[in-house]
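A.B. asks: Please find the sequence and the predicted model below.
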Amino acid sequence: MSILRIATFNVNSLKSRLPVVERLLTADDSPDIICFQETKCQDREFPAAFFRERGYAVAFSGMKSYNGVAVASRRQADDVTFGFSDGEDLEQDRARLAIARFGGLSIACSYVPQGKVMESPDFHYKLRFFERLKMLFDRRFKATGRLLWTGDINVAPEDMDVTHPEKKRDHVCCCLEAKAALQDVLSWGFVDVYRKHRPNPGEFSFWDYRVPGALERNIGWRIDHLFATESLALCSRDAYAMLELRAMERPSDHTAVIGVFET
């Protein structure tokens, strides 16, 4: 048996966070596979050499100033695709969804739209994004297989996943419609690996820059997730958020969330 660490990290501009990413890549518990979101980097400007020099292969798809996903791994993926390939793909879909295969393990790295406000077309796009994800999982995978759906999902599933939930009932990451859309995808056959190991309130992955002292006061959201099919979840041994990355100079407003699996 060997240990496999898989991380998800919304870096909120990769090139601006390279010192933070280096800390992640060189930590004693550095991940074997890292799924990045919001890289905000065109492909021709992606710092691939930075990863290669630190022992990681990397596949990526991005846009200037917006979106962007990447999968970095110590072992090169057998296959990586971007977007849904369902006839609806927009440019941003390819910069919001990557699917990587490593032998019998598949990983879906998603940057789900935030949605802005409930009346916005962006919120309808968010709800459709979830519908398309479930159809993709139906089309390409089996719930009995080993699949990890991870990334910035932009939904706090339960009240305990956000500070002061009573004030956020109409927020696009906390409203009933968003929660129901997420739960519909989870019903396909996913287990919340983080909650399996961290069942208590106050466990977050995002602390808003605009809230003074958000990290120190632990005013946050849990919107970066590790959802695994049951067979993969049974192999999980731990899950945790690296709070020290959010405390660094010029951090992302998110931190890395890591799942530990025995393979």
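C.D. replies: Yep, it's here.

A.B. asks: Which parts of the stretch 51-200 of the chain are helices?
C.D. replies: 91-94, 121-140, 176-186, 193-197 (DSSP state H, counting those that start in this stretch).

A.B. asks: what's the most buried one of those helices?
C.D. replies: helix 193-197 (a mean of 21; mean count of other CB atoms under 10 Å). Every residue, glycine included, has its C-beta placed from N, CA and C.

A.B. asks: any idea of the mean pLDDT in it?
C.D. replies: For helix 193-197, mean pLDDT rounds to 98.

A.B. asks: now stretch 101-120
C.D. replies: Mean predicted lDDT for stretch 101-120 stands at 98.

A.B. asks: got the buried residues for it?
C.D. replies: Under the neighbour-count criterion of 16 or more other CB atoms under 10 Å, stretch 101-120 has 102, 105-115, 118 buried.

A.B. asks: Pull up the gap between T263 and F9, please.
C.D. replies: 21 Å (CB to CB, to the nearest Å).

A.B. asks: who's more crowded, those two?
C.D. replies: F9 (31 against 14; other CB atoms under 10 Å).

A.B. asks: who touches D184 in this structure?
C.D. replies: F130, E131, K134 (CB atoms under 8 Å, 6 or more residues apart in numbering).

A.B. asks: what ranges do the strands span in the stretch 51-200 of the chain?
C.D. replies: For the stretch 51-200 of the chain, applying DSSP state E, counting those that start in this stretch gives strands covering 57-63, 66-73, 79-82, 97-102, 105-111, 146-152, 190-192.

A.B. asks: I would like the residues contacting the shortest one, please.
C.D. replies: So the one you mean is strand 190-192. For strand 190-192, contacts defined as CB under 8 Å, 6+ apart pick out W149, P157, L186, H225, L226, F227, A228, T229, E230, A233.

A.B. asks: Cross those residues against strands and list the overlap.
C.D. replies: W149, H225, L226, F227, A228, T229 (DSSP state E).

A.B. asks: and the two most separated of the residues you listed?
C.D. replies: For these, the farthest-apart pair by CB to CB is H225 and T229; their separation is 13.9 Å.

A.B. asks: The two: who's more crowded?
C.D. replies: For H225 versus T229, neighbours defined as other CB under 10 Å are more numerous around H225 (30 against 22).

A.B. asks: The more buried one reaches T150, doesn't it?
C.D. replies: Yes: at 6.4 Å, H225 counts as touching T150 under the criterion of CB atoms under 8 Å.

A.B. asks: shared neighbours of these two, anything?
C.D. replies: In contact with both H225 and T150: T8, using CB under 8 Å, 6+ apart.

A.B. asks: so where's the stretch 151-263 of the chain uncertain?
C.D. replies: In the predicted model, the stretch 151-263 of the chain carries no residue with pLDDT under 70.

A.B. asks: T26: which of the ones in strands among the contacts of strand 190-192 is nearest?
C.D. replies: L226 (22.0 Å).

A.B. asks: can you tell me which residues contact the closest one?
C.D. replies: Applying CB under 8 Å, 6+ apart, the residues contacting L226 are I6, T8, L148, T150, D192, V193, Y194, A239, V257, G259.

A.B. asks: beta partners for the fourth one?
C.D. replies: This means T150. C109, L226 (DSSP bridges).

A.B. asks: before we move on, what about the first one?
C.D. replies: Judged by DSSP bridges, the bridge partners of I6 are I33, G259.

A.B. asks: swap in the one 4 residues further on?
C.D. replies: The residues paired with N10 through beta bridges, assigned by DSSP bridges, are Q37.

A.B. asks: Make residue 1 into 68 and carry on from there
C.D. replies: All set: I'll call the first residue 68, so the last point we hit is now N77.

A.B. asks: And it, how far from L215?
C.D. replies: Where L215 is concerned, N77 sits at a distance of 16 Å (CB to CB).

A.B. asks: can you check G182 too?
C.D. replies: Using CB to CB, one obtains 24 Å as the distance from G182 to L215.

A.B. asks: Please apply the same query to R207.
C.D. replies: In terms of CB to CB, R207 sits 14 Å off from L215.

A.B. asks: Then K193?
C.D. replies: Distance from K193 to L215, by CB to CB: 21 Å.

A.B. asks: Thanks again, I'm all set now.
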